[in-house]
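Visitor: This is a predicted model, with the sequence first.
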Amino acid sequence: MKENIYSEVYIQGLFNRMSSSYERVNYLSSFGFSLRWRKQFLKPIHLTAENAQIIDLMTGMGETWTAIHRTFPKAKLTALDFSEGMLQYAQTKNKKKFNAQVEVTLQNVLSNDLPSDFYDGVTCAFGLKTLNEEQIQILAQQVKRILKPGGQFSFIEVSEPNSVILKFLYSFYLSKIIPLLGKMLFGGVREYKMLWEYTNRFKNAKQVEATFQAVGLKTTYQSYFFGCATGVYGEK
């Protein structure tokens, strides 16, 4: 029977195995642009609350925390992920760099006990590609549920470039070079081939935008560097 690459068990196992090297590979797979994109995708969010509540969904190893903290220094940050391996590294970062002030929760974003109408801001960087259409619908409903009225959100994901030439080069790099680097440097080939598989299936955030709109969220589509990353931001 064919493996369901979108199942919770499969994705948990995948990211648990990649947890020791994922942050570096994510940087390499984006040619270093991931650092810039993590800053850029936060710019559409404008929070007025003195002590705003922000949640970073599918937080991974906490790679976006620094950008969030610099953009919203007074905000209270909560981070959610369902990969224990990723959160082990995130908690180490939490203690070393954030004085253990980030509230880290081990939960599946698609099935959680987060409070409703609570967060001023919802962020998520590079987590969309591992969700299928049905799961994105659930995600949209959850984002709408947990945001305060007027609350804002921003999502970003590595995507298929617009240019034919850039698309060819990028696909070759992600599907061939990154798995090779994964084998040479981090001991994993299959895991990093899957990153390309997810990206190839995801294409871009157009469907995400449509799904978020369908549940009643105000949305704007965003493209970064000729479509190498795309995202959606907006408000409830």
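Guide: That came through fine.
Visitor: Thr78 sits in which helix or strand?
Guide: Here Thr78 sits within strand 76-81, counting by DSSP states H and E.
Visitor: To clarify, my last question referred to Pro149.
Guide: strand 147-158.
Visitor: contact partners of the next helix or strand along the chain from that strand?
Guide: Remark: after strand 147-158, the chain's next helix or strand is helix 164-172, criterion DSSP H and E. Applying C-beta atoms under 8 Å, 6 or more residues apart in numbering, the contact partners of helix 164-172 are Glu160, Pro161, Trp196, Asn200, Phe226, Gly227, Cys228. All C-beta atoms are positioned from the backbone trio N, CA, C, and that covers glycine.
Visitor: Could you point out which residue ranges in this protein have low pLDDT?
Guide: Residue ranges of the chain with pLDDT under 70: 1-2, 21-33, 168, 172-189.
Visitor: Helices along that one, start to end?
Guide: 8-18, 22-29, 33-40, 65-71, 84-97, 133-146, 164-172, 178-181, 190-202, 206-214 (DSSP state H).
Visitor: Reformat these as JSON lines; add distance to His46.
Guide: Output for these, formatted as JSON lines (distance: least, C-beta to C-beta, whole Å):
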{"stretch": "helix 8-18", "distance to His46": "31"}
{"stretch": "helix 22-29", "distance to His46": "27"}
{"stretch": "helix 33-40", "distance to His46": "14"}
{"stretch": "helix 65-71", "distance to His46": "10"}
{"stretch": "helix 84-97", "distance to His46": "25"}
{"stretch": "helix 133-146", "distance to His46": "17"}
{"stretch": "helix 164-172", "distance to His46": "32"}
{"stretch": "helix 178-181", "distance to His46": "35"}
{"stretch": "helix 190-202", "distance to His46": "28"}
{"stretch": "helix 206-214", "distance to His46": "18"}
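Visitor: Kindly reformat the ones you listed as a markdown table containing distance to Gly121 and mean neighbour count.
Guide: Converted to a markdown table, these look like this (distance: least, C-beta to C-beta, whole Å; neighbours: other C-beta atoms under 10 Å):
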| stretch | distance to Gly121 | mean neighbour count |
| --- | --- | --- |
| helix 8-18 | 24 | 17 |
| helix 22-29 | 22 | 19 |
| helix 33-40 | 14 | 18 |
| helix 65-71 | 9 | 18 |
| helix 84-97 | 19 | 17 |
| helix 133-146 | 11 | 18 |
| helix 164-172 | 30 | 13 |
| helix 178-181 | 31 | 18 |
| helix 190-202 | 23 | 19 |
| helix 206-214 | 15 | 18 |
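Visitor: So which of these is nearest Asp56?
Guide: The minimum distance between Asp56 and these falls on helix 65-71, with 6.4 Å, by C-beta to C-beta.
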